[in-house]
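Student: What follows is a predicted structure for the sequence shown.
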Amino acid sequence: MLSRHNPAVRVQPLIGLGVFVLAIFLAWQIGEVISSNDVRALIYVAAGIAGFFVIVTTLRNWRSGFYLFLIWMLFEDLFRKYMGNGLALFFGKDVLVGLVYISLFISIRRKREKNFRPPFLLFLSLFFWLGVLQVFNQNSPHILYGLLGFKVYFYYIPLMYVGYALIRNDQDLRRFLVLNVTLAGVISALGIAQAILGNSFLNPETLAPELRDLGNLQKMTPLTNQILTLPDSVFVSSGRFDEFLVLAFIVAFGASGYLLLANLRGREVVLTGIGVIGVAILLSGSRGTLMLVLISSSLLTLGFLWGAPWRQRQAHRVVKALRRSILVAGIGLTLIILLFPADAGSRIAYYAETLLPSSSAYETGNRTWDYPVQNLISAFSRPNWEFGNGIGTASLGGQYVAKVTGTPPLNLWVEEGYGVLIVEMGILAPFLWILWTASLLYYSWGVVRRLRQTRLFPIAFAIILFAFLLLYPITFSGLSAYQNYVCNIYLWLLVGILFRLPEVQSSGSTPLQVTSPSHRVPFREIPVSEQ
C-alpha cells in the first residue's frame, strides 16, 4: 500500500544498489592504479571523480558552479605543468564555464535570474560576425585554427551575463571581491616564494615541450650583470603571472575603497592582499607590470578623490582607504627589501637601469612606442594582410593546433595587437575592434558617472580602468593579454558586474555612521535623479 502511493520507496533501493556497485567498481580501479604505482593515472581518476561532482553541483546551482570554475581557472596551469600539459586539462575550464552558461540560461528562462541587455551589443556583434566569417577564411591552413580563434576571442563573452546575474546586493559583491583578493594573495605569495627560492619551486624538473620556452626564464641587468629569475607562480608562464598581477592590484585597490565606504567585513583581508600583491609586483621582474601598476595607482587615487562622497562628509573614508592601501604596500616592500636584499636589489637594479632616462640602458621609449610600431608595420609584410589568414592563425594556443594536426607552427604572429588583428582578420579588423571597445567604454563610463559619490564608485572606477588599460594601451603592446584567458574572463565578468552596480546601489546600502566629537552624520546614498 505504502509502496503504491510512494514510488520513491521502490526506487530508493535501486539507487542505493547502483551507488554501491559504482563505489565497488571505482575502488577496484583505484586499487589497480595504486598497485601499479601510476600516480598520474590516480590523479586523473581523482580529477574525474571531482569533475563529476562539479558538473552535478553546477547544474543544480550555477552560482556554486561559477565559483568552482573560477578557482579551477586560476589554478589550472599548475596541474598542466605537472601533468604533462594534456589537452583535457587545457580545455577543462571551458567545459566548466559552458555548464555555468547552460545552468544560468535555464534559470533566466525560468525567471529566476535577471537578463542583461548590453547597450554596446550592436557594435560588438559587428566584430563578432567578422570573426565568424574568418573561421572559414580560405587562407587558413586548418579549420581548427578558426575554432581556436573563435574560442580565444568570443567564448568568454557570455560571462558578462554571468557577472550581471551574480551580483544582486552588497553581500554578493563583498563575497566576490574578498574571495578574488584572497586567491590573488595566495597566488602572489607563491610567486614571491618562487622568486626567492628559484624556478625549481612550483615547476617540475621537465616541462612539456610546448611549455619549455615559457617557464624557467631569467633576465640579466644590462649594466651590473645581475641575474634574476622570472616567477610564474601557479601559471605556465611569467607573462601570464605579470598580467594577472596588474588585474589583481586594480581589483584589490577598488575593493578596499568600496569595503571601507560600505563598512563591510573583509577590509583587513583586502589590505593584506594589496601588500602581498605589491611585493609580488616588485619581484616579478616585469617592467611593464611595474609601470602599469604605478600608472593605475595614480589614476585610481585621482579617480577616488574625484568620485568621493564629499556632500555626505564621507570623503575622509576614501582618503583613509587610499592611505591604508599605500601604507600596507609600503610596509610590504620595505620588509622584502630588508629580509631579502639580494633578490629585491637585483629587480630594483633592473628597473632603474632600463626605466630611468638618465641610464645608458634606458629602453622605455623603445619598448612603449618604437618596438610596437615596428611590429605593426611588419604585419603588412605578412601574406594575405588585406583579408587576413583566418582567425586563430596568430593567436595564443596555435602550438596546440600544430601539435594535433602534425604541422609546423605558422609563425605569423607579431608583437603588436592591431598587427595581430590585421594578420588574422584583415585590414578591417582593427577598425571594428576600436569601434566596439570604444562603445563598451562609453557606456561603461556612463554607469561610473551615475555611481559617483556612492559607496560603489571605487570598484566601478577600478573596473573601467582595467577595461581601458586592457583594450587600449596593453592591446597596442600586444594582443596576448586579451587572448590570455585569465584577463579575458575577468574583463567580461567585471563588465557584467559593472552594469549591475546601479541596481545594487538603488536597492539600499549598509548604514554608515561617522562619529565626530560633537555629532554623528549619517551616510546618505545619492539617488540617480540627483546626480
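Tutor: Yep, that arrived.

Student: can you give me the offset of stretch 343-357 from its chain's centre?
Tutor: What separates the centre of stretch 343-357 from the centre of its chain is 27 Å, taken as Cα atoms, centre = their mean, to the nearest Å.

Student: can I get the CA coordinates of that stretch in PDB?
Tutor: Only the C-alpha atoms of stretch 343-357 are listed here, as PDB (Å, rounded to 0.1, in the frame of the first residue of the first chain):
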ATOM      1  CA  ASP A 343      66.500  39.300  -4.500                       C
ATOM      2  CA  ALA A 344      64.900  42.600  -4.200                       C
ATOM      3  CA  GLY A 345      68.000  44.500  -5.100                       C
ATOM      4  CA  SER A 346      68.500  42.700  -8.500                       C
ATOM      5  CA  ARG A 347      65.000  43.600  -9.500                       C
ATOM      6  CA  ILE A 348      65.300  47.200  -8.400                       C
ATOM      7  CA  ALA A 349      68.600  47.500 -10.300                       C
ATOM      8  CA  TYR A 350      66.900  46.100 -13.400                       C
ATOM      9  CA  TYR A 351      64.100  48.600 -13.200                       C
ATOM     10  CA  ALA A 352      66.400  51.500 -12.600                       C
ATOM     11  CA  GLU A 353      68.900  50.600 -15.400                       C
ATOM     12  CA  THR A 354      66.200  50.200 -18.000                       C
ATOM     13  CA  LEU A 355      63.500  52.700 -17.000                       C
ATOM     14  CA  LEU A 356      65.400  55.800 -15.800                       C
ATOM     15  CA  PRO A 357      66.100  58.300 -18.600                       C
END
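
Student: How is residue 218 assigned, secondary-structure-wise?
Tutor: Assigned with DSSP: H, G, I helix; E, B strand; the rest coil, residue 218 falls in the strand class.

Student: wait, what's in contact with it?
Tutor: 227-230 (Cβ atoms under 8 Å, 6 or more residues apart in numbering). All C-beta spots, glycine's among them, are computed from the backbone N, C-alpha and C.

Student: Including neighbour count, could the residues you listed go into TSV?
Tutor: Output for these, formatted as TSV (neighbours: other Cβ atoms under 10 Å):
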residue	neighbour count
227	10
228	22
229	22
230	22
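
Student: Just name the closest of those residues to residue 220, please.
Tutor: residue 227 (5.4 Å; Cβ to Cβ).

Student: where do the helices sit along the stretch 201-350 of the chain?
Tutor: For the stretch 201-350 of the chain, applying DSSP state H, counting those that start in this stretch gives helices covering 238-262, 267-283, 287-307, 315-339, 341-355.

Student: and what of the stretch 1-150 of the chain?
Tutor: Here the stretch 1-150 of the chain has its helices, by DSSP H, counting those that start in this stretch, at 2-5, 7-35, 39-60, 62-82, 87-90, 92-109, 121-135, 143-154.

Student: Next: the stretch 401-531 of the chain.
Tutor: Here the stretch 401-531 of the chain has its helices, by DSSP H, counting those that start in this stretch, at 417-425, 429-450, 457-471, 473-477, 480-483, 485-506.

Student: Can you pull out the low-pLDDT segments for the chain?
Tutor: Applying pLDDT under 70 to the chain flags residues 1-48, 311-315, 508-531.

Student: what's near enough to touch residue 395?
Tutor: By Cβ under 8 Å, 6+ apart, residue 395 lies in contact with 148-149, 152-153, 420, 424, 479, 483.

Student: for it, helix, strand, or coil?
Tutor: Taken by three-state DSSP, the conformation at residue 395 corresponds to coil.

Student: From residue 282, how far out is the closest residue to residue 280 other than its chain neighbours?
Tutor: Excluding its sequence neighbours, the residue lying closest to residue 280 (Cβ to Cβ, 6 or more residues apart in numbering) is residue 188, at 3.7 Å. For residue 188, the distance to residue 282 equals 11 Å [Cβ to Cβ, to the nearest Å].
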